[in-house]
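Engineer: no letters, just coordinates:
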């Protein structure tokens, strides 16, 4: 899969144990970029697998986020629901370059380099 890396800004713009919501392109789904208390960064499609709640508005704890609508807990490393809940949301590759956060977007999804 071919990726284009989108610079979304400084790591310091994402609050520790918080998230930022991104809308990239007109037709793509929103993306949530999370930062843990240990400065680990993860990117997921910003929709809970249960009822499409905005994960970017959830509470981050360790490497999980709790959906604000019905408290489903999503693993940030895999995008999968934990506990008895089933389902998942797609994860996106992420990297930090000189303090800047870059999200890998699929060229197949209509993004241009």
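Structural biologist: Yep, it's here. Computed from a predicted structure; not experimentally measured. Numbering: from 1, shown residues only.
Engineer: give me the three-state assignment for residue 56.
Structural biologist: The three-state label given to residue 56 by DSSP: H, G, I helix; E, B strand; the rest coil is helix.
Engineer: that one and residue 24, how far apart?
Structural biologist: 14 Å (Cβ to Cβ, to the nearest Å). For every residue, glycine as well, the C-beta is placed using N, CA and C.
Engineer: before we move on, what about residue 34?
Structural biologist: Counting by Cβ to Cβ, the gap from residue 34 to residue 24 is 16 Å.
Engineer: between those two, which one's more packed in?
Structural biologist: More neighbours surround residue 34 than the other of residue 34 and residue 24, with 25 against 15 (other Cβ atoms under 10 Å).
Engineer: list the contacts for the more buried one?
Structural biologist: The contact partners of residue 34, by Cβ atoms under 8 Å, 6 or more residues apart in numbering, come to 14, 18-19, 41-44, 56, 60, 65, 76.
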